[in-house]
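Participant: dropping a prediction and its sequence here:
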Amino acid sequence: MKAESLGDFLKHVGISIGIFAFILVVYFYIYLPNSTNHGDSVMVPDLTGMPSEKLDSLLIDANLRFEVSDSSFSEDMKPLDVIRQFPRAGSLVKPGRKIYVSINRIHPPTVPLPAVVEQSLINAIATLKSNELKPGKIIYLPSPFSDLVMEMHVDGIKMETGARVPKGTVVDLWVGDGDGPNDLKLADFVGKDLESVLLLLSQYNLHQGDIIVPDGVDTTDIISFVFKQEPEAGDSVRVGDPVNLWIGPKDYDPSDTVEVDE
């Protein structure tokens with residue numbers, strides 16, 4: 001009796017498994033393909049570089065749709081042309097699939113002009129390129145400093161560091177020719193950090209003079225700033241002259257220093 005019951009149980013289990021497997025086969029291989037147009041696909045055309053106003057007519061003919069997902073800027077394409085697409089060209093997709101496109105902006109975004117004045121010409125060119133700007137004409141001016149950038153110009157107008165210009169703007173650089181007079185007006189170093197001032201002295205072909213720290217001032221493990229210089233800003237100096245620098249913490253006021261009588 002128990003054996004017959006076990007056999008009946010196993011028979012019912014086998015029938016149930018068979019029915020379930022049959023349902024899976026019908027669902028995945030008959031119902032699902034028919035309900036999703038299995039095997040019916042279209043190839044995505046290449047939309048890159050195409051004007052956005054032509055997308056509707058092209059994609060309707062291909063039984064596809066499009067949506068603008070974002071915008072970016074490429075100077076190599078016209079405004080409102082397609083820059084990128086997803087899915088990519090050549091992909092097989094279902095009819096009616098939406099193609100996402102990125103459109104070229106009408107106006108390029110702006111970037112600030114980087115600090116290239118008083119930098120070497122090589123560094124200035126590299127900095128402009130890294131900020132998506134184009135180095136333009138190199139104009140040489142009389143100066144004792146060879147290839148030191150003295151000014152930036154855009155469309156003939158002198159520009160200051162930080163001024164915003166469109167990406168891809170051509171920036172002309174006015175640089176020293178190295179043949180100018182040796183006399184020059186000393187720059188104002190007060191308020192600048194010591195490392196930057198020493199670099200400027202090197203670029204100006206001036207020598208580092210004495211570095212003076214006031215009594216009672218500790219500059220250990222901090223960034224030191226110049227609060228006094230000799231010669232003073234605007235004084236006439238010659239190439240090779242030494243420049244003495246007084247340094248302290250940032251915003252240091254010499255009048256705050258209290259001298260202790262010994």
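Facilitator: That came through fine. Numbers count the residues shown, from 1 in each chain.
Participant: quick check: residue 147 is in a helix.
Facilitator: No. Going by DSSP: H, G, I helix; E, B strand; the rest coil, the assignment for residue 147 is strand, not a helix.
Participant: which one is it nearest to, not counting chain neighbours?
Facilitator: Leaving aside its chain neighbours, residue 147 sits nearest to residue 121 (4.2 Å; criterion: C-beta to C-beta, 6 or more residues apart in numbering). C-beta: built from backbone N, CA, C; applies to glycine.
Participant: need the contact list for the residue nearest in space to the middle of the chain.
Facilitator: The centroid of the chain falls nearest to residue 131 when counting by C-alpha atoms, centre = their mean (6.3 Å). Going by C-beta atoms under 8 Å, 6 or more residues apart in numbering, residue 131 touches 111, 112, 114.
Participant: what's downstream of the helix or strand of the chain with the lowest mean pLDDT, the next helix or strand?
Facilitator: Least confident helix or strand of the chain, by mean pLDDT, DSSP states H and E, is helix 32-35 with a mean of 58. Following helix 32-35 in sequence order, the next helix or strand is strand 42-43 (DSSP states H and E).
Participant: sheet partners, orientation included, of that following strand?
Facilitator: If you go by DSSP bridges, strand 42-43 pairs up with strand 92-93 (antiparallel).
Participant: of the contacts of residue 131 - the most surrounded one?
Facilitator: residue 114 (17 neighbours; other C-beta atoms under 10 Å).
Participant: ok, now how distant is that residue from residue 146?
Facilitator: Between residue 114 and residue 146 the computed distance is 22 Å (C-beta to C-beta, to the nearest Å).
Participant: how about residue 193?
Facilitator: 26 Å.
Participant: low-scoring stretches of the stretch 51-200 of the chain, by residue?
Facilitator: 180-182 (pLDDT under 70).
Participant: where exactly do the strands run in it?
Facilitator: For the stretch 51-200 of the chain, the strands defined by DSSP state E, counting those that start in this stretch cover 65-72, 82-86, 92-93, 98-104, 110-112, 134-141, 146-154, 157-159, 164-166, 170-177, 183-185.
Participant: in JSON lines: those strands, plus distance to residue 42.
Facilitator: Output for those, formatted as JSON lines (distance: least, C-beta to C-beta, whole Å):
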{"stretch": "strand 65-72", "distance to residue 42": "12"}
{"stretch": "strand 82-86", "distance to residue 42": "14"}
{"stretch": "strand 92-93", "distance to residue 42": "6"}
{"stretch": "strand 98-104", "distance to residue 42": "11"}
{"stretch": "strand 110-112", "distance to residue 42": "41"}
{"stretch": "strand 134-141", "distance to residue 42": "42"}
{"stretch": "strand 146-154", "distance to residue 42": "48"}
{"stretch": "strand 157-159", "distance to residue 42": "51"}
{"stretch": "strand 164-166", "distance to residue 42": "39"}
{"stretch": "strand 170-177", "distance to residue 42": "44"}
{"stretch": "strand 183-185", "distance to residue 42": "71"}
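Participant: any idea which of the ones you listed gets closest to residue 14?
Facilitator: Closest to residue 14 of the strands of the stretch 51-200 of the chain, according to C-beta to C-beta: strand 92-93, at 41.1 Å.
Participant: for residue 40, which residues are in contact?
Facilitator: Counted by C-beta under 8 Å, 6+ apart, residue 40 has contacts 94, 95.
Participant: same thing with the one 3 residues further on?
Facilitator: Contact criterion C-beta under 8 Å, 6+ apart gives 62, 90, 91, 92 as the residues in contact with residue 43.
Participant: likewise residue 135?
Facilitator: 124, 125, 128, 129, 170, 171, 173 are the contacts of residue 135 under C-beta under 8 Å, 6+ apart.
Participant: residue 194 now?
Facilitator: Counting by C-beta under 8 Å, 6+ apart, residue 194 touches 211, 223, 224, 225, 226, 245, 247.
Participant: out of those, which are buried?
Facilitator: Burial by neighbour count, judged by 16 or more other C-beta atoms under 10 Å, picks out 224, 225, 226, 245, 247 from those.
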